[in-house]
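**Q** Sequence and computational prediction follow.
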Amino acid sequence: MKWIISNHKMNLTKKEIENYVDQISTLKSSNELVFCPSSIYLPYFQNQVNYSLGAQNVADRNMGALTGEIAIQQLKSLNVKYVIVGHSERRNILNETEEMINQKVKLILENAMVPVLCIGEKEEEINDRENILMNEIDSAFTNQVNLDQVIIAYEPIWAIGTGKIPTTEEITTITQMIKDYVHKKYQIFCRVLYGGSVSINNIDELNQVPNIDGYLIGGTSLDIEKLRVIIEKMEEEV
Ligand code: PGA
């Protein structure tokens, strides 16, 4: 089974999300479909017959006094199963630190939910890519238990929303590097997704990557018909 995780980011109005939710029921997949809408729309996604629910973020501490944040306990009460953590937009625009990311992973695992840990290098860091990725993994994984639940999303920052993607050879090599590193250091078999400009134009090419466990899809996931094409093309791979 593979994962097809839709990350809506800060998009869609109330009317648009209502239409979107109506159409989800028409999607069919033998893979795991996950939707991560804006948190204000999580209650719209309660009829989870053919998909699972994810959140785009969680607070780095338990429920209590923290204006504007959302606690893991609140997400859990809305049937959220997956939580994206360490997305580059949060790391770079909102200055989310490695300590916060580590704390979030801890809370997600403690609550028996699945962290989708995003890691990735900037364009100017490509030559140092392996070190960057290993450091991001280590900071998030330090002092954690039950890490076997974690999903890693490899998202090169230069590929997010740009239409550019690495070659299939590069993705294959990096995915294997991540899996081998995590297996050797943490004794777990980690699932690794690719994210960054996944679209109907490059999905055939991406599906050639032999060791990838699925995709984290941003912009394209806002259009349910485009998402349907991707879901169907992945069905051919099953
Ligand atoms: P994109 O975003 O598909 O729009 O490039 C992916 C992501 O940031 O998760």
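**A** Nice, thanks for sending it over.
**Q** Need the nearest residue in space to Q149, chain neighbours excluded.
**A** V114 (5.3 Å; CB to CB, 6 or more residues apart in numbering). Glycine gets a C-beta too; all of them are placed from N, C-alpha and C.
**Q** Which residues outside the helix or strand hosting V105 are in contact with it?
**A** Using DSSP states H and E, V105 sits within helix 98-110. In this structure, residues lying in contact with helix 98-110 by CB atoms under 8 Å, 6 or more residues apart in numbering are 57-62, 72, 83, 85-86, 91, 114-115, 117, 136, 139-147, 149-150.
**Q** residue in the protein nearest to the ligand?
**A** Closest residue of the chain to the ligand, CB to the nearest ligand atom: G218 (2.2 Å).
**Q** ok so, going back, you'd agree the residue nearest to Q149 is up against I152?
**A** No: look at V114 against I152 with CB atoms under 8 Å: they stay out of range, at 11.3 Å.
**Q** mind checking how far the residue of the chain most remote from its centre is from A59?
**A** In the chain, the residue that sits farthest from the middle, by CA atoms, centre = their mean, is A65; the gap is 27.5 Å. Remark: distance between A65 and A59 (CB to CB, to the nearest Å) = 11 Å.
**Q** quick revisit: what bridges to the residue nearest to Q149?
**A** Using DSSP bridges, the beta-bridge partners of V114 come out as Y82.
**Q** Could you give the number of residues near Q73?
**A** 14 (other CB atoms under 10 Å).
**Q** which residues does it contact?
**A** N62, M63, N111.
**Q** Which one (most neighbours) among these?
**A** Looking at the contacts of Q73 with neighbours defined as other CB under 10 Å, the largest count falls to N111 at 16 neighbours.
**Q** Which pLDDT does the model give the closest residue to that residue other than its chain neighbours?
**A** Residue nearest to N111 in three dimensions, not counting chain neighbours: I72, with 5.1 Å by CB to CB, 6+ apart. pLDDT for I72: 98.
**Q** How many neighbouring residues does I72 have?
**A** Residues contacting I72 under the criterion other CB under 10 Å number 24.
**Q** Kindly report the same for S38.
**A** The tally of other residues near S38 (other CB under 10 Å) stands at 16.
**Q** N102 too?
**A** So N102, with other CB under 10 Å, has 19 neighbours.
**Q** pretty sure E205 is touching T168, no?
**A** Yes: counting by CB under 8 Å, E205 does reach T168; the two are 6.0 Å apart.
**Q** So for these two, which sits in the more crowded spot?
**A** Legend: neighbour count by other CB under 10 Å for E205 and T168, higher for T168 (17 against 12).
**Q** check contacts around that one.
**A** By CB under 8 Å, 6+ apart, the neighbours of T168 are E205, L206, Q208, V209.
**Q** who wins for neighbours among the residues you listed?
**A** The most neighbours of any of the contacts of T168, using other CB under 10 Å, belong to L206, which has 20 neighbours.
**Q** where does that residue land on pLDDT?
**A** Per-residue pLDDT puts L206 at 97.
**Q** Can you name the residues that contact it?
**A** Going by CB under 8 Å, 6+ apart, L206 touches I165, T168, I171, Y194, V198, I212, Y215.
**Q** before we move on, what about N57?
**A** Listed by CB under 8 Å, 6+ apart, the contact partners of N57 are S39, I70, V83, I84, V85, H87, R90, K104.
**Q** May I have the phi/psi pair for it?
**A** phi -170, psi 160 (degrees, to the nearest 10).
**Q** And the helices in this protein?
**A** With DSSP state H as the criterion, the chain has helices at 14-24, 72-76, 88-92, 98-110, 129-141, 168-186, 203-206, 224-237.
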